[in-house]
Every structure is written in structure tokens, then in C-alpha cells.
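>>> Got a predicted structure here, sequence first:
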Amino acid sequence: MAFLNLAFAFLYQLGDAFSFLVLAACGLAVVFGMMGVINLAHGELIMCGAYVTVATTRAGLPLPLGILSGALVAGAVGMLLERLVIRHLYGRPLDTIVATWGISLVATQGTLILLGSSMPGVGTPLGSFAVGSYSYSAYRVVLMLAAILVLVGLYAVFNATRFGTLARATIQVPHMAEALGVDTRAIYALTFGIGAALAGLTGGLYAPTMTIVPTMGTTFIMEAFVTVVVGGADIFLGTAPAALVLGAVRALLTSWQGQLFGQIGLLVTVILVIRVLPSGISGLILRERA
């Protein structure tokens, strides 16, 4: 019985780490993995979603609608940023790093000045359940299911819809797509908006579990980048396996030696994977298929 309790505890931690990595990385995977834009303001889009979720929930909206509001507002902000800044920097990765880093600083400090150093939260819903002598948050299970649904939804949007076909064509061969009559500017804006909306969704989903502060995006940004890098260029093949591998390492070391060792193990695993698989996990999968 004790072994079963420990096994469930490990699986729960694995699912929690997996969902965190997937949700943190999905928006970045679309923007960085598909569009090649290194968006250092990804964490601030997550923060935007969290703030909107908390504000709308405290104003009286049910939490699911508050989370949806956070995703929509972050998506709209992302499309505005794409129109005003990012659109002029495609093909200039170093410039996008500087620009999005500047945006992240402005967003963080602007939020601090306008809204203060913290915002009252909404509390974690659904309570907890017990397995053996351990107690677990039921809302974390919802986050695990949400991560799976986001992966399935992303795959469906970019592989089973006309927009997905146009988006992949525009990103892979933009000049040919434009010559065939595709509005490539609109496709770029919508794709960036989807990535931003996914970041906002992540912020909204995790808002009930975290302290709402202007710097909360930094909690997500490192894990998001390492998951995308380990996953490789193909976000649909690489993101989920990368999150599973990194989540397993993090959960195992965290349960053994605590949070610090879990974080160190995560980074060491990233270094090893990049050294052995320069094209990431998706590169290995595609090579095996060939």
C-alpha cells in the first residue's frame, strides 16, 4: 500500500510538471518554433492573462469565463504588438530579442507602477482529495487535462483546418504563398495572436495557484524556452515528448531531494539533450521516420 501511495504521488508530480511545461511552452512554441521569433515578452503575456483573469473574476465573472477573458485580451495584445513592432523585424532575430526584451521591461515596470506590487488572488478552486496519507489539489488535475486539450487543439487547428494549411505555407514559403493570393500579413498576425492567447490562457489557468505580481512571468519563461528547444523545430512532434521527459526528471529529483535539485536536474537534462540531439526530440522522431 505504501508503494502504491508513493507511485501515485510520483505520477501526480509528473502530471503536474508535464502540464506546467506544456502550458508554459505552447504559446512560445507557436511563436518561436513556427515563426522563428524569439519572444522574450512571453512571460509578460502570461502575466497579462493572469491579471485579466483575476480582475474579471473578482468583478463577478465565473472563473472559466475569467480565464477565457485573459486569453482573449492577451491574444489581442499580441496581435497589436505584432502589428506595431514584430512585423517590421521578421528575419532579424537579434533585433526581435532586443525589442521583445524592451517590451517585457516596459510591461513589468508599467504594471508595477499602475497596479502596485501585487494583486489579491482568487483562491484555488475545487478543494483537495486524499490518496492514502497524502492530500492532492483537485485543480492540478484540471490543469493536467487542460494541457492535453491544448495539445490536441493546437494539432487540430494547424493540421486539420484551412487556416492551419495557410499558416504552415506562409511560414515555410512566404513569397510563394503571397504569390498565390494568401494575405500573409494577416496570417502572421493571427499566428502570433494565437501564441499570445495561449500564453494568456496559461496565465489564467495558473492565476488561482500563484501570487499575482508583475514579475510572475519569470516563473514560466525559462521552462518554456527549454521545453521548446528540447522539443525541436516541429512543435507538434516535439513539445509533448520534451515536456514528458523534462517533467519526469524534475518530478523524480524533486520528490527525492526537493525543488532546487529538480530545477538543476531539468537544466542538466536540457544540456545533455541538446548535446546529443542538436535538432531536438522532434528531429530524432523525423529521422527515425525517414
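Noted; the coordinates are in hand.

>>> What ranges does the chain have for its helices?
With DSSP state H as the definition, the chain shows helices at residue ranges 2-28, 42-58, 63-84, 93-115, 138-159, 162-172, 174-179, 184-206, 218-231, 235-257, 259-276, 280-289.

>>> List the buried residues of the longest one.
Think helix 2-28. Judged by neighbour count (16 or more other Cβ atoms under 10 Å), helix 2-28 contains these buried residues: 9-10, 12-28. Glycine gets a C-beta too; all of them are placed from N, C-alpha and C.

>>> what's the most buried one of the helices of the chain?
Highest mean neighbour count among these (mean count of other Cβ atoms under 10 Å): helix 42-58, with a mean of 27.

>>> quick check: angle from it to helix 218-231?
Between helix 42-58 and helix 218-231, the angle comes out at 130 degrees (axes from the mean of the first three to the mean of the last three Cα atoms, to 10 degrees).

>>> Centre of the chain to helix 42-58, how far?
In this view, helix 42-58 has its centroid 14 Å away from the chain centroid, taken as Cα atoms, centre = their mean, to the nearest Å.

>>> got the angle between that helix and helix 184-206?
Using the same axes, to 10 degrees: helix 42-58 against helix 184-206 is 60 degrees.

>>> Check which helices and strands helix 42-58 sits against.
helix 2-28, helix 63-84, helix 93-115, helix 184-206, helix 218-231 (3 or more Cβ pairs under 8 Å, 6 or more residues apart in numbering; DSSP states H and E).

>>> Output those in CSV; the columns should cover distance to L45.
Below are the helices and strands packed on helix 42-58 laid out as CSV (distance: least, Cβ to Cβ, whole Å):
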stretch, distance to L45
helix 2-28, 7
helix 63-84, 5
helix 93-115, 8
helix 184-206, 4
helix 218-231, 10
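
>>> So for L277, which of those sits nearest?
With Cβ to Cβ as the measure, helix 218-231 is the member of the helices and strands packed on helix 42-58 nearest L277 (8.1 Å).

>>> Export only the CA atoms of the lowest-mean-pLDDT helix or strand in the chain, formatted as PDB.
Across the helices and strands of the chain, mean confidence by mean pLDDT, DSSP states H and E is lowest for helix 280-289: a mean of 75. The C-alpha trace of helix 280-289 is given here as PDB (Å, rounded to 0.1, in the frame of the first residue of the first chain):
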ATOM      1  CA  GLY A 280      15.800  18.200 -30.500                       C
ATOM      2  CA  ILE A 281      13.400  15.300 -29.900                       C
ATOM      3  CA  SER A 282      11.300  16.100 -33.000                       C
ATOM      4  CA  GLY A 283      14.500  15.800 -35.100                       C
ATOM      5  CA  LEU A 284      15.100  12.400 -33.800                       C
ATOM      6  CA  ILE A 285      11.500  11.300 -34.500                       C
ATOM      7  CA  LEU A 286      11.600  12.700 -38.000                       C
ATOM      8  CA  ARG A 287      14.900  10.900 -38.600                       C
ATOM      9  CA  GLU A 288      13.500   7.600 -37.400                       C
ATOM     10  CA  ARG A 289      10.500   8.000 -39.800                       C
END
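
>>> so where is the stretch 101-250 of the chain shaky, pLDDT-wise?
Within the stretch 101-250 of the chain, the ranges that satisfy pLDDT under 70 run 233.

>>> My guess is A248 contacts D16. True?
No - in this structure, A248 is not within contact of D16 by Cβ atoms under 8 Å, at 11.7 Å.

>>> List the residues that contact V73.
Neighbour list for V73: C48, G49, V52, G200 [criterion: Cβ atoms under 8 Å, 6 or more residues apart in numbering].

>>> so how far is A138 from the residue nearest to L266 when sequence neighbours are not counted?
Of all residues not flanking L266 in the chain, R250 sits nearest, at 4.9 Å (Cβ to Cβ, 6 or more residues apart in numbering). The gap separating R250 from A138 is 22 Å, by Cβ to Cβ, to the nearest Å.
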